[in-house]
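Asker: quick one, fold the following:
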Amino acid sequence: MSNYILTCCSTADMPASYLKERKIPYVAFHFNIDGKEYPDDLGQTMPFDEFYARIAAGAMPTTSQVNVGQYIEFFEPFLQEGKDILHISFSSGLSGSYNSALIARDDLIERYPDRTILIVDSLAASSGYGLLVDTVADMRDEGKTIQEISSWLDKNKTKLHHWFFSTDLTHYKRGGRISATSATLGTLLNICPLMKMSHDGKLTPYKNVRGKKQVIKEMVKRMELYAQDSTSYAGKCFISHSNCYEDARTVADLIESLFPKLNGRVMINNVGTVVGSHTGPGTVALFFYGDER
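Answerer: Numbering: from 1, shown residues only. You can find the predicted model right below:
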């Protein structure tokens with residue numbers, strides 16, 4: 001039994017059952033929709049299909065990060081149990097929650113000077129963040145120390161690739177991320193933006209692709225080009241989607257046919273309510289280990 005606890009944020013977009021089974025407590029972000037606030041608790045309070053149906057009906061959810069007080073409340077019981085903490089945080093390029101966790105750590109260390117609290121910026125999001133947590137959980141179960149895992153994360157977290165595409169520009173227009181003209185023209189031309197995660201953990205445009213079939217091919221091609229050992233890639237591959245399971249399944253099937261040495265089947269998860277508040281429906285995201293992004 002390790003003498004530390006591994007924790008993460010809800011924005012890792014992994015199933016609640018998975019985190020419970022792997023003994024990974026998570027701290028929940030929050031979202032507000034139709035005037036009411038909810039915890040981002042992995043679809044338990046509000047099922048994902050209801051969430052995306054509300055967006056389709058015109059709702060514009062907003063999100064709130066985990067603040068310092070919530071981190072203190074989350075961390076302190078583990079310290080009281082005599083446990084050290086390794087917390088992997090949502091990307092600092094997308095949220096200020098990493099900084100809040102650092103402030104909470106500094107406060108708690110004064111009260112628990114004999115304990116170790118390590119806060120690691122994942123520079124990752126959604127089930128890419130989840131894949132990083134999954135890898136670390138395996139290392140923990142193999143008996144790696146908290147310092148060994150922290151060192152590994154510093155050296156390898158930016159080798160985790162994130163590729164996203166969206167087939168629905170409506171939410172991008174509503175949220176002001178693209179103009180109404182661009183959204184209309186993009187819809188008419190069947191444009192599907194392909195995006196990626198930058199080295200500093202920010203979501204950045206890569207290219208606009210015409211047609212869903214073509215953007216799926218383009219995204220999988222990125223995996224062929226950048227995955228460790230190309231099509232001989234022997235690591236895990238995760239996918240998340242926002243209310244478009246069939247598109248995610250199409251990507252997964254193509255990957256499983258092209259990468260015969262994968263470590264298990266492609267894991268398909270839902271884009272959660274906080275990340276989904278910014279992507280809207282129609283997004284598919286692909287995650288794998290590769291070269292330095």
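Asker: what about residue 111, neighbour count?
Answerer: The number of residues packed around residue 111, counting by other Cβ atoms under 10 Å, is 10. Every C-beta, even on glycine, is put in place using the N, C-alpha and C of the backbone.
Asker: ok, now which ones touch it?
Answerer: residue 79 (Cβ atoms under 8 Å, 6 or more residues apart in numbering).
Asker: same question, residue 234
Answerer: So residue 234 contacts 228, 261-263 (Cβ under 8 Å, 6+ apart).
Asker: look up how far residue 32 lies from it.
Answerer: 42 Å (Cβ to Cβ, to the nearest Å).
Asker: what's the closest residue to residue 105 other than its chain neighbours in contact with, if anything?
Answerer: Leaving aside its sequence neighbours, residue 105 sits nearest to residue 117 (Cβ to Cβ, 6 or more residues apart in numbering; 4.5 Å). Shown in contact with residue 117 (Cβ under 8 Å, 6+ apart): 75, 79, 84-85, 87, 105, 108-109.
Asker: give me phi/psi at residue 117?
Answerer: phi -130, psi 110 (degrees, to the nearest 10).
Asker: all helices for the stretch 101-250 of the chain, in order.
Answerer: 126-141, 146-156, 170-174, 180-188, 212-226, 245-258 (DSSP state H, counting those that start in this stretch).
Asker: now the angle from the last one to helix 212-226?
Answerer: Using axes from the mean of the first three to the mean of the last three Cα atoms, to 10 degrees, the inter-axis angle of helix 245-258 relative to helix 212-226 is 40 degrees.
Asker: could you give the separation of helix 245-258 from the chain centroid?
Answerer: 19 Å (Cα atoms, centre = their mean, to the nearest Å).
Asker: shaky segments in this protein?
Answerer: 1-2, 169-189 (pLDDT under 70).
Asker: domain ranges for it?
Answerer: Annotated domains of the chain cover 4-156, 159-289 [automatic domain parsing].
Asker: one step back: only the buried members of the contacts of residue 117: can you turn that into a PyMOL selection?
Answerer: For the buried members of the contacts of residue 117, the matching PyMOL selection, counting by 16 or more other Cβ atoms under 10 Å, is:
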select buried, resi 75+79+84+85+87+105+108
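Asker: residue 3: which of the contacts of residue 117 is nearest?
Answerer: Distance to residue 3 across the contacts of residue 117 (Cβ to Cβ) is lowest for residue 84, with 6.2 Å.
Asker: may I have the beta-bridge partners of the closest one?
Answerer: Under DSSP bridges, the beta-bridge partners of residue 84 are residue 4.
Asker: I'd guessed it sits against residue 4; true?
Answerer: Yes: using Cβ atoms under 8 Å, residue 84 is in contact with residue 4, at 3.9 Å.
Asker: any common contacting residues for those two?
Answerer: Common neighbours of residue 84 and residue 4 (Cβ under 8 Å, 6+ apart) are 116, 146.
Asker: show me what contacts residue 197?
Answerer: Contact analysis of residue 197 by Cβ under 8 Å, 6+ apart lists 91, 123-125, 128, 161-162, 203-204, 293.
Asker: follow-up on the earlier one: redo the contacts of residue 234 as TSV? Include neighbour count.
Answerer: Below are the contacts of residue 234 laid out as TSV (neighbours: other Cβ atoms under 10 Å):
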residue	neighbour count
228	14
261	10
262	17
263	10
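Asker: return the member of these nearest to residue 140.
Answerer: Looking across those and measuring by Cβ to Cβ, the closest to residue 140 is residue 263, at 17.4 Å.
Asker: I'd like to know how many residues surround the closest residue to the closest one other than its chain neighbours.
Answerer: Distances taken as Cβ to Cβ, 6+ apart place residue 236 nearest to residue 263, at 4.8 Å, with adjacent residues excluded. By other Cβ under 10 Å, 18 other residues sit near residue 236.
Asker: and what of residue 213?
Answerer: 11.
Asker: how close does it sit to residue 254?
Answerer: For residue 213, the distance to residue 254 - Cβ to Cβ - is 10 Å.
Asker: in a strand, that's where residue 86 is, yeah?
Answerer: Yes: using DSSP: H, G, I helix; E, B strand; the rest coil, the assignment for residue 86 is a strand.
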